[in-house]
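Novice: Got a predicted structure here, sequence first:
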Amino acid sequence: MNEPLGKKRIRVLIAKPGLDGHDRGAKVVVHALKDAGMEVIYTGLHKTVDEIVNTALEEDVDVIGLSIYSGAHLPLSKELMESVRKKGLTDKLVLVGGNIPQRDVKTLKDFGVTEIFPVGTKLNEIVDFIKERVKEQDEKI
Amino acid sequence: MKKSKSEELEEVILESGIKVKPVYGPEDTKNLKHEKEIGQPGEYPFTRGIHPLMYRKRPWTMRQYSGFGTAKETNERFKWLLEQGQTALNVAFDLPTQLGLDSDDHFAEEEVGRVGMAIDTLKDLEEAFAGIPIDKISTSLTINPVASVMLAMYLVVAEEQGIPWDQVRGTTQNDILKEYIGRGTWIFPVQPSIRLIGDMVEFCSKNVPKFNPFSVCGYHIRESGATPIQEMAYAFEIAITYIQEVLKRGINIDDFAGRIAFNFDIHGNLWEQVAKFRAGRRLWAKTIKERFGAKNPRSMTLRMIAGGGGGGLTIQQPENNIVRGAYYALISALSGTQTMALCSYDEAYTIPSKKAALISLRTMQILADEMGLRDTVDPLGGSYYIEWLTNEIEKKIAECMGKVEEQGGMVKTIESGYIQGEVSRQAYIHEKKIQSGEITKIGVNKYVMEEDKAEVEFHPFNPRVAEEQKRKLKEIKTLRKKNEVEEALLRLKKAAQTKENVMPHILKAVKEYATLGEITRVFKEVFGEFKEPIGL
């Protein structure tokens, strides 16, 4: 909201893939990103990877954020990255948050996930990261 | 972290928004009518406890949440916990089971056996309770939208063990309304979901009189971000919604209110939690007596499990959670709980290890046997501060309930996403306060350690569980009588379409080894699915 006129607002999709119902973290992040002036779409619970990627496409977001607490982050992120590549959305930032053990961070990055924000991350860290990386992305274009 | 010149606490405001004075005295409680508002333990309005002798008669029940992988693995953990002196079971199911999906459903992939045990048919539940005399223990089945199916399976297992239904003790969590607010295992729309709960209450009041067909969970509402006031107020409004559904069927309040159970959360300020439970007991008793005209004092008692909640634990310096757990257990005992459970110190990361689960159990046992928490009833009763705070909190809970009712009650405010929004906003406010240091959390925003490598053993996920479940499912499908299964499902569908109680039909289907997924599909066809309002 504080962005100067003419400059587009960053668009973020926050998504809950799979069966996990823990949405406190996802909703807190939605509030924080909105407060930081971003346009945020929240999917709600129990979404398939295809539904998420299609929403990202339709809504033309800059960032896809997945929130996962059940422990199924590896298979779900892998599937999402495959779908993202198939649909040609490789310019999007893909962030994964939730109950993510340190030992899985490298694997997630190998799948193509841009960054991981495990439980305990400061909200402004997420905000700053998105702003900076979207700016870099825009400058490339 | 706010720093003043000295160490002095200049202002104390509780999460409930109540301002606390440095000292309390007789003038703070002089308007309280002792007989009427505080009274005796075991007597209306039950402020001091629901039994006259409380823990002098017997200690609280200790019931840790457990279950993972296959029914066989879970059965081993159950037996081990009972050998260690645990006195009841609380069963964790995997997410596909909680959402009525069979293990071979494509949407269940990667989740089979992950956060609890997988149940597809009666066969699995038979294995989970093999060699466990279910008339000797009480079992809590933590499942919600398809609780009716799990209850049916459990009752058939009882039958097979030769135990009459009137000897079966336990609880199905079965609180669908809180699932829409937090936790998120919902399937069907709100109204038919409440009807299923009504069917279960009606069935149990006639056939399984010692079973609690639902347990209203303020716990998960608070874990989703609610204040202690909202936790109690929303739980009470939810319970009122279920009560109204049952009363509609012409059942007398005293025929079922005594079996209503609650599940509440403990973390945060010690005094505030203790006062919350004392206030809750009093307000609930008044509600059941004055509003619903109950005559039997048992109907008016707030029976609860009050457990140390994950929301208070931290991922940083996880061993500190052992200490937090001990304080939560102390609060629970000072609050007069019936049943106690503790999130284990590693639970912010993983399914608890055996070691962590044992520490939680021992924490509760030490409290009961070494620290004198059983010596006398409601030891904090009569304290100027506690009685004043109990009173203030009662007023706030009633006020918050009034707000929900003004807006048309729980069903309406959940369907519109209002409650979800209230709770998620609170979660955000709380998180900002932790990040700014306004709320102190040791290891998170005070006494932070840079080299904070957690020494936590992760519960291994076994992908072979899914294979094993799929194999079993296939085998059962070839062995069962196909026509009988189809017939049972058809009859169930007809009952669901009318007002007929579905429980006898679920029982029949379960006995024919219809799968959980097949039964759920019948309900989906008749009821449809919940459309989540985005409450922010």
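Specialist: Arrived safely, thanks for sending.

Novice: going forward, measure contacts and count neighbours with C-alpha atoms only.
Specialist: OK.

Novice: in terms of contact, does residue B:509 touch residue B:489 like I think?
Specialist: Yes. At 6.3 Å, residue B:509 and residue B:489 qualify as touching, with contact defined as Cα atoms under 8 Å.

Novice: any residues in contact with both of the two?
Specialist: Residues touching both residue B:509 and residue B:489 (Cα atoms under 8 Å, 6 or more residues apart in numbering or on different chains): residue B:519.

Novice: Which one's more surrounded, these two?
Specialist: residue B:509 (28 against 23; other Cα atoms under 10 Å in any protein chain shown).

Novice: Mind telling me what element the more buried one is part of?
Specialist: Assigned by DSSP states H and E, residue B:509 belongs to helix B:503-511.

Novice: Buried residues in that helix, which are they?
Specialist: Neighbour counts over helix B:503-511 (16 or more other Cα atoms under 10 Å in any protein chain shown) mark B:503, B:505-511 as buried.

Novice: ok, now stretch A:77-86?
Specialist: Within stretch A:77-86, the residues scored as buried using 16+ other Cα under 10 Å are A:77-78, A:80-81, A:83-84.

Novice: next one: stretch A:114-130
Specialist: Buried residues in stretch A:114-130, defined by neighbour count with 16+ other Cα under 10 Å: A:114-119, A:123, A:126-127, A:130.

Novice: Test my guess that residue B:380 contacts residue B:386.
Specialist: Yes. Counting by Cα under 8 Å, residue B:380 does reach residue B:386; the two are 6.9 Å apart.

Novice: Those two: who's more crowded?
Specialist: residue B:386 (20 against 16).

Novice: Secondary structure element for that one, which one?
Specialist: With DSSP H and E as the test, residue B:386 turns up in helix B:384-406.

Novice: what's that helix in contact with?
Specialist: With Cα under 8 Å, 6+ apart as the criterion, helix B:384-406 contacts B:16, B:18, B:23-26, B:28-29, B:229-230, B:232-234, B:236-237, B:271-272, B:274-276, B:278-280, B:282-283, B:380-381, B:410, B:413.

Novice: Counting neighbours, show which residues of the next helix or strand after that helix come out buried.
Specialist: Using DSSP H and E, the helix or strand that follows helix B:384-406 in sequence is helix B:410-415. By neighbour count with 16+ other Cα under 10 Å, helix B:410-415 contains the buried residues B:410-411, B:413-415.

Novice: Which single residue of chain A ends up nearest chain B?
Specialist: Residue of chain A nearest chain B, by Cα to the nearest Cα: residue A:21 (4.0 Å).

Novice: which residues touch the residue lying closest to that residue once chain neighbours are set aside?
Specialist: What sits nearest to residue A:21 in space, not counting adjacent residues and going by Cα to Cα, 6 or more residues apart in numbering or on different chains, is residue B:184, at 4.0 Å. Remark: with contacts taken as Cα under 8 Å, 6+ apart, residue B:184 is in contact with A:20-23, A:45.

Novice: For the residues you listed, give me a markdown table that also has neighbour count, pLDDT and secondary structure.
Specialist: Shown next, in a markdown table, are the contacts of residue B:184 (neighbours: other Cα atoms under 10 Å in any protein chain shown; pLDDT from 0 to 100; DSSP: H, G, I helix; E, B strand; the rest coil):
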| residue | neighbour count | pLDDT | secondary structure |
| --- | --- | --- | --- |
| A:20 | 23 | 94 | coil |
| A:21 | 22 | 94 | coil |
| A:22 | 21 | 93 | coil |
| A:23 | 23 | 95 | coil |
| A:45 | 20 | 97 | coil |
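
Novice: mind checking how far the residue of the stretch 51-200 of chain B found nearest chain A is from residue B:56?
Specialist: Relative to chain A, the nearest point of the stretch 51-200 of chain B is residue B:184 (4.0 Å; Cα to the nearest Cα). From residue B:184 across to residue B:56, the span is 39 Å (Cα to Cα, to the nearest Å).

Novice: do residue B:273 as well
Specialist: Per Cα to Cα, residue B:273 is found 22 Å from residue B:56.

Novice: neighbour count winner among those two?
Specialist: For the pair residue B:273 and residue B:56, the greater number of neighbours falls to residue B:273 (22 against 13), based on other Cα under 10 Å.

Novice: My read is that that one contacts residue B:333, right?
Specialist: No. Counting by Cα under 8 Å, residue B:273 does not reach residue B:333; the two are 11.2 Å apart.

Novice: ok, residue B:91 - contacts?
Specialist: B:65-67, B:116, B:139-142.

Novice: quick check, it in a strand?
Specialist: Yes. Residue B:91 forms part of a strand when assessed by DSSP: H, G, I helix; E, B strand; the rest coil.

Novice: That one bridge partners, please.
Specialist: Beta-bridge partners for residue B:91, by DSSP bridges, are residue B:66, residue B:141.

Novice: how near is it to residue B:315?
Specialist: The value you get for residue B:91 to residue B:315, if Cα to Cα is used, is 24 Å.

Novice: Mind naming the longest helix for chain A?
Specialist: Ranked by residue count under DSSP state H, the longest helix found in chain A is helix A:123-140.

Novice: Please tell me the pLDDT value assigned to the residue nearest to the spatial centre of chain A.
Specialist: For chain A, residue A:65 is the residue whose C-alpha lies nearest the centre (Cα atoms, centre = their mean; 1.3 Å). Residue A:65 is assigned 98 on the pLDDT scale.

Novice: Please name the residues that touch it.
Specialist: A:12-15, A:94-97 are the contacts of residue A:65 under Cα under 8 Å, 6+ apart.
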